Structures are given as C-alpha cells and as structure tokens.
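Student: Sequence and predicted structure, then a few things I'm wondering about:
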Amino acid sequence: MSRVGKNPVEVPSGVELAITGRMVTAKGKLGELSYEMTDAVSAALEGNQVVVKPVDESKTARAMWGTTRARLQNMVTGVSEGFTKELEIIGVGYRAAVQGQTLILQLGYSHDVNHAIPEGISIHCEKPTSIKVSGADKQSVGQVAAEIRAYRKPEPYKGKGIRYVGETILRKEGKKK
C-alpha cells in the first residue's frame, strides 16, 4: 500500500483543476500545467480534493499510485505558490547577472558563460553572488538550477564554485609540507 497515494490532494481556492480522461490540467495565478496519467491509476475530483486510486493490484499500479499523487500535488502547488531554488556563488571574481532572457556568469573561465533562460522560468540576481531560480513546474526549476550549478561545481579543497543555498561541501585536506 502506498503511504503517499492514500492522501488526497487538496485543491486551494484560485486553482482550477480539470480531469479529462488521462489528462489532468491545473490553472492558477502562476500559469497552467498539464500531466498525462498512466493507465494503471485513476483520479477523481471530489469537492475540492483529488483522490488517486490504482486500477488493479499489479506492481506497476501500486508503483504509479504514489508517483501520480505526488505529481498532481506538485502541479497544484506550482500554479498556486510556485517553486524556488536558490544558488550561491563562492569564489574571487565569480559573479552573475541577468540581461534580458540570458543569465551571464563570470566563473573564472577565459569567457563569460551565457545561459538562456527557458520559457516559464524566471531568474533573479539580488546580489552578484546569488541566483534565485523560480517557476511553476518543479521539474524544470530543478533542471535549470542543476544546469547552472554544472558550469562550475563546488570543488572540495577551497569550496569555490556554484552551490545550492544550505548545501554542505565535504572539504578535503590539502598537501602537507
């Protein structure tokens, strides 16, 4: 039995959720998201809650039960509140700035790194050493944050690079004389 799938998804006021066949669509103040469910699970709208149930007792149905419920919860949360990932840049001369639909990163390379900001994602730099990635789709926010981090991952000796806020880097001891 799925512990996650048993719980219904609460639909807050201001969010419209429509279930047509296998397609679930959520509209809110931050945009519109859709998700196509598998044939192994079914969802029903009961009042202001969505209840997800497996079609049968197969292993696939039980596996997709909690996954589908979590995806629907992320859709509802995304269109009502949104998701945010914060990154910090550590290193002398390392900085970031947003120009139009491009994030410009200076990371100690011989050239600036230009990262195109995808549709549905907004990036803000309050300080030159902090980046805030936000949007309605949890998967794409995490993907964009991971792509930005991959340009200069934190190294274990001095800790220089791009890291998530609150991430701990396992530090290594340097050479001894």
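Tutor: Received the coordinates, thanks.
Student: in the longest helix along the chain, what counts as buried?
Tutor: Longest among the helix segments of the chain by residue count, using DSSP state H, is helix 59-80. The neighbour-count check on helix 59-80 (16 or more other C-beta atoms under 10 Å) flags 61-80 as buried. For every residue, glycine as well, the C-beta is placed using N, CA and C.
Student: Quick check: mean pLDDT of the helix or strand just after it?
Tutor: Counting by DSSP states H and E, the next helix or strand C-terminal to helix 59-80 is strand 83-90. Mean pLDDT, strand 83-90: 96.
Student: Let me know the angle separating strand 83-90 from helix 59-80.
Tutor: Relative orientation of strand 83-90 versus helix 59-80 (axes from the mean of the first three to the mean of the last three C-alpha atoms, to 10 degrees): 80 degrees.
Student: Okay, buried residues for strand 83-90 please.
Tutor: Buried residues in strand 83-90 (16+ other C-beta under 10 Å): 83, 85, 87-90.
Student: Mind listing the strands it pairs with, and their directions?
Tutor: Neighbouring strands of strand 83-90 in its sheet, by DSSP bridges, are strand 130-135 (antiparallel), strand 161-164 (antiparallel).
Student: Which SSE is immediately downstream of that strand?
Tutor: Heading C-terminal from strand 83-90 (DSSP H and E), you reach strand 95-99.
Student: quick one: contacts of that following strand?
Tutor: 89, 103-106, 117, 123-125, 128-131 (C-beta atoms under 8 Å, 6 or more residues apart in numbering).
Student: Run the angle between it and strand 130-135 for me.
Tutor: 40 degrees.
Student: quick check, distance from strand 95-99 to the centre of its chain.
Tutor: 21 Å (C-alpha atoms, centre = their mean, to the nearest Å).
Student: send the alpha carbons of it over as CSV?
Tutor: Output of strand 95-99 as CSV, limited to C-alpha atoms (Å, rounded to 0.1, in the frame of the first residue of the first chain):
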residue,chain,number,x,y,z
ARG,A,95,29.5,36.7,-10.3
ALA,A,96,26.2,36.5,-12.1
ALA,A,97,23.9,39.0,-13.8
VAL,A,98,20.7,38.8,-15.8
GLN,A,99,20.4,40.6,-19.2
